[in-house]
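Asker: Have a look; sequence and predicted model below, questions after that.
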Amino acid sequence: MGIIISAVIIIIAISGIYASTLSDQSSENNNSEVDEGDDFAFTALDGSEMHLSNYRGKIVILDMWATWCSPCKYQMLDLKKAYDNYSRNELEILSINIDSREDAQQIQDFINQFAQYGYELNWIFGMEDDSLDGYMPSGSIPTLCIFDQKGNLYFSHAGFSPYSEIPEEFPEDTVTLVQKIEELIY
């Protein structure tokens, strides 16, 4: 019986040393600057395939919308405020249309309607390739997601998200886009 207990103790000791070595190697790997972050593909209006990972180093606002969505139209105006207040080195907006029935021309017509009223929606628009359902748990649009500079999801909200001014009918503690962007910049 004493031999069995000694063997078990030796096995536990060897396992502990091995686990410690693996843990040290894992820590070394975790300390490297490699951080995969989230990624997905979408088709830009010019037909090129793009990825969230193309924008590493920037804060990215993912706007999931459709042309027929009235709240999405209001969201575009507040996204314009965000786009106009930060440099392209700091922030990029990806407005991805999630309605597979809509094509690039319909999206461009939507953008042109805003331009007729003096609102240049000049950030990146595209169509969903990879499913974005995982970023829209409620399934409602607009849904905004903010990714940090490493591509990690930082904030998500279904429904209209104000840039800075909270509409009167909204709760006073409504989170604004500028709050979340500033948290990531500073």
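Answerer: Here it is on my side, so go on.
Asker: Any idea what the residue nearest in space to the middle of the chain is bridged to?
Answerer: Centroid-nearest residue in the chain, with Cα atoms, centre = their mean: Phe147, separated by 3.8 Å. With DSSP bridges as the criterion, Phe147 is bridged to Val60, Leu153.
Asker: Now do the domain split for the chain, please.
Answerer: Domain ranges of the chain: 1-34, 41-185, per automatic domain parsing.
Asker: returning to that earlier point: what's the spacing between the residue nearest to the centre of the chain and Val60?
Answerer: Distance of Phe147 to Val60, given as Cβ to Cβ, to the nearest Å: 4 Å. All C-beta spots, glycine's among them, are computed from the backbone N, C-alpha and C.
Asker: Surely the residue nearest to the centre of the chain is in contact with Tyr154?
Answerer: Yes. Shown here, Phe147 and Tyr154 form a contact pair, counting by Cβ atoms under 8 Å, at 6.2 Å.
Asker: circling back to that earlier point, show me the contacts for the residue nearest to the centre of the chain.
Answerer: Taking Cβ atoms under 8 Å, 6 or more residues apart in numbering, we find Phe147 in contact with Gly37, Asp38, Leu52, Ile59, Val60, Ile61, Leu62, Leu153, Tyr154.
Asker: Any of these buried? List them.
Answerer: Applying 16 or more other Cβ atoms under 10 Å to these, the neighbour count classes Asp38, Leu52, Ile59, Val60, Ile61, Leu62, Tyr154 as buried.
Asker: And the furthest pair within the contacts of Phe147?
Answerer: Using Cβ to Cβ, the pair of those lying farthest apart is Gly37 and Ile61, separated by 14.9 Å.
Asker: if you compare the domains of the chain, which one is most tucked away?
Answerer: domain 41-185 (a mean of 16; mean count of other Cβ atoms under 10 Å).
Asker: helices and strands around the helix or strand hosting Ile111, which ones?
Answerer: According to DSSP states H and E, Ile111 maps onto helix 104-116. When contacts are defined as 3 or more Cβ pairs under 8 Å, 6 or more residues apart in numbering; DSSP states H and E, helix 104-116 packs onto strand 124-128.
Asker: Just checking: what are the partner strands of the strand it packs on?
Answerer: strand 41-44 (antiparallel), strand 91-97 (parallel).
Asker: Among those strands, which comes closest to Asn85?
Answerer: Of all the strands paired with strand 124-128, strand 91-97 comes closest under Cβ to Cβ, at 8.5 Å.
Asker: Could you check how far the residue nearest to the centre of the chain is from Leu79?
Answerer: 15 Å.
Asker: ok, so what distance separates Leu79 from Val178?
Answerer: Taken as Cβ to Cβ, the span from Leu79 to Val178 is 12 Å.
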